[in-house]
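> Turn this into a structure:
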Amino acid sequence: MVTEQIEANLVARPVQVDVAREMVSPSSGRSISLQLNMGEGKSSVIVPLVASTLAEGSNLVRVVTLKPLSNQMFQLLVSRLSGLANRPIFYIPFSRSPRMDTSLVNTLSCLYKRCVAECGVLVIQPEHILSQKLMHVDTLLTSDGNNERDSIADKLGDLQNWVAKASRDVLDESDEILHVRYQLVYTSGEQMPVDDHPNRWTTIQQIFGRLQAQANGLHTRFPETFEMQTVLRGLPIIRIHDSAVSHEIASLIIDDALEGGLSNLPLHVLPPPIREATRRFVTQRRFNIEDRNSINTHCAGTPMWKGILLLRGLLMDGEGILGYILKERRWRVDYGLDPSRTLLAVPYRAKVCRVDFVVESR
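Numbering: from 1, shown residues only. From the prediction side, this is the model:
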């Protein structure tokens, strides 16, 4: 009971409880990304709470943090979860510099499984995850029929597969960790243009043009949930607050596209049945495979199929990329000066605020 109370004292406010509960068991059933203001306990409260809850003896819980913050996160987890809570904190740096052999792979496997068995938490950096993946690839490429190297590559592959299945990752500063610089990208062959250039970006520009043309009407129909601030040049500043508005935007844009509103994607020349199939394919999250096959067959050999796929990614069910950037992405909301707390511009809530934690024992 003491351990439960020590871990329970990490929660101080209802918002942190709700965020932690959503992170442990997302209502969507998929990976999620959540955004909180500075000072609301993301690293110091929510991450330790979620990590200790997930580490129940069957998951390899990895707290992924940036290199400059790694030591700080390790010490924070030690202070929060070790001691009376008796949660071991592991740190296993991995690089491609050591010569990989069977004993080293077995040691890594034993450490990972010990972390799981002892309900521990592994602090890891994105570079360590990528290095382990690359070590497997490098070993495969350099084996050249060598039985020992083949055996090491097989063991690394098995370890990588086990880690992928057993791990639950908690990302601190996810916007930075999920940046493209931390993706594995291999180039081969001759330099080639980006797929479907230049339509890939000119189509997006035209879609924003159609949104600008529809903005006044949308603001009139949805004055409370469609914010619009005109600017001297370029697109107005637009933000939506309701999914119904994003569905309406997707519907209006696909209507314009099917009537020839996108010059480099002439959907108006399609036969009526294919146009209706295109509307359903672009706007519905769960599409009919017959619609997909008929569109693909009709557009075979033309760039139109790639343009339709782009439209689907932007507009799908009102929750595509366009709806996401207009509804979900917000920066510097409610920031300002509060001389009683600090001379820096901080959120009006949380940052540099005193929070008292109460520990109860039973």
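> can you give me the helices in the stretch 251-362 of the chain?
272-283, 289-298, 304-315, 321-327 (DSSP state H, counting those that start in this stretch).
> Of all those helices, which one is nearest residue 181?
Nearest of the helices of the stretch 251-362 of the chain to residue 181, taken as CB to CB: helix 321-327 at 20.3 Å. Bear in mind the C-beta positions are built from the backbone N, C-alpha and C, glycine included.
> buried residues in the closest one?
Within helix 321-327, the residues that count as buried by 16 or more other CB atoms under 10 Å are 322-323, 326-327.
> Just give me the closest of these to residue 18.
residue 327 (19.8 Å).
> The residue nearest to that closest one when sequence neighbours are not counted bridge partners, please.
Distances taken as CB to CB, 6 or more residues apart in numbering place residue 240 nearest to residue 327, at 5.0 Å, with adjacent residues excluded. The residues listed as beta-bridge partners of residue 240 by DSSP bridges are residue 226.
> mind starting the numbering at 630 from now?
OK, 630 is where the count begins now, so the last one is residue 869.
> hmm, back to that, among the helices of the stretch 880-991 of the chain, show the one with the smallest mean pLDDT.
Least confident of the helices of the stretch 880-991 of the chain, judged by mean pLDDT, is helix 950-956 with a mean of 90.
> now the buried residues of helix 950-956 in JSON lines, with distance to residue 665?
Below are the buried residues of helix 950-956 laid out as JSON lines (distance: CB to CB, whole Å):
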{"residue": "951", "distance to residue 665": "25"}
{"residue": "952", "distance to residue 665": "22"}
{"residue": "955", "distance to residue 665": "21"}
{"residue": "956", "distance to residue 665": "17"}
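> Pick out whichever of those residues sits closest to residue 693.
Distances from residue 693 to the buried residues of helix 950-956, taken by CB to CB, are shortest for residue 956, at 26.7 Å.
> residues contacting that closest one?
Residues near residue 956 by CB atoms under 8 Å, 6 or more residues apart in numbering: 868-870, 872, 875.
> just the angle between the lengthiest helix in the chain and helix 933-944, please?
Longest helix in the chain, counting residues (DSSP state H): helix 828-850. Per axes from the mean of the first three to the mean of the last three CA atoms, to 10 degrees, the angle that helix 828-850 makes with helix 933-944 is 40 degrees.
> mind checking how far residue 903 is from residue 772?
Counting by CB to CB, to the nearest Å, the separation of residue 903 from residue 772 is 50 Å.
> same check, this time on residue 933
Taking CB to CB as the measure, residue 933 falls 44 Å from residue 772.
> And these two? Which one has more around it.
For residue 933 and residue 772, the more surrounded residue by other CB atoms under 10 Å is residue 933, and the numbers stand at 20 against 16.
> what about the stretch 630-779 of the chain, any weak spots by pLDDT?
630-644 (pLDDT under 70).
> what residues are up against the residue nearest to residue 956?
851, 854-856, 875, 878, 952, 955-956.
> Just give me the residue closest to the centre of the chain.
residue 662 (5.4 Å; CA atoms, centre = their mean).
> pLDDT at the closest residue to that residue other than its chain neighbours, what is it?
Counting by CB to CB, 6+ apart, residue 803 is the residue found nearest to residue 662 once chain neighbours are left out, at 5.4 Å. In this prediction, residue 803 carries a pLDDT score of 86.
> Could you do residue 781 as well?
pLDDT, residue 781: 88.
> In terms of secondary structure, what does the helix or strand where it lies contact?
Using DSSP states H and E, residue 781 sits within helix 776-795. If you count contacts as 3 or more CB pairs under 8 Å, 6 or more residues apart in numbering; DSSP states H and E, helix 776-795 packs onto helix 731-746, helix 755-771.
> Could I get the buried residue list for the shortest one?
Yep, that's helix 731-746 we're talking about. For helix 731-746, a neighbour-count test (16+ other CB under 10 Å) marks 734, 737-738, 741, 744-745 as buried.
> Next, the contact list for residue 786, please.
So residue 786 contacts 765, 769 (CB under 8 Å, 6+ apart).
> now with 7 Å?
residue 765 (CB atoms under 7 Å, 6 or more residues apart in numbering).
> now do residue 685
Counting by CB under 7 Å, 6+ apart, residue 685 has contacts residue 748.
> Please report the distance of it from residue 678.
From residue 685 over to residue 678 the distance is 13 Å, taken as CB to CB.
> got it, and residue 770?
In terms of CB to CB, residue 770 sits 42 Å off from residue 678.
> same for the longest helix of the chain, what does it pack against?
Contact here means 3 or more CB pairs under 7 Å, 6 or more residues apart in numbering; DSSP states H and E; on that basis helix 828-850 packs against strand 855-858, helix 872-887, helix 933-944.
> Determine the angle, from 0 to 180 degrees, between the longest one and helix 933-944.
Here helix 872-887 runs at 160 degrees with respect to helix 933-944, directions being taken by the same axes, to 10 degrees.
> which parts of helix 872-887 are buried?
Buried positions in helix 872-887, judged by neighbour count with 16+ other CB under 10 Å: 874-879, 881-883, 885-887.
> swap in stretch 802-815?
Across stretch 802-815, burial judged by 16+ other CB under 10 Å covers 802-803, 806.
> Outside of that stretch itself, list whatever touches it.
Contacting residues not belonging to stretch 802-815 are listed as 662, 693, 695, 755, 759, 762, 800 [CB under 7 Å, 6+ apart].
> what does stretch 931-942 give?
Contact partners of stretch 931-942, identified using CB under 7 Å, 6+ apart, comprise 825, 828-829, 832, 883, 886, 894, 907, 910-911, 924-925, 928, 949-950.
> can I assume residue 745 is in contact with residue 691?
No. Taking contacts as CB atoms under 7 Å, residue 745 lies outside contact range of residue 691: 10.9 Å.
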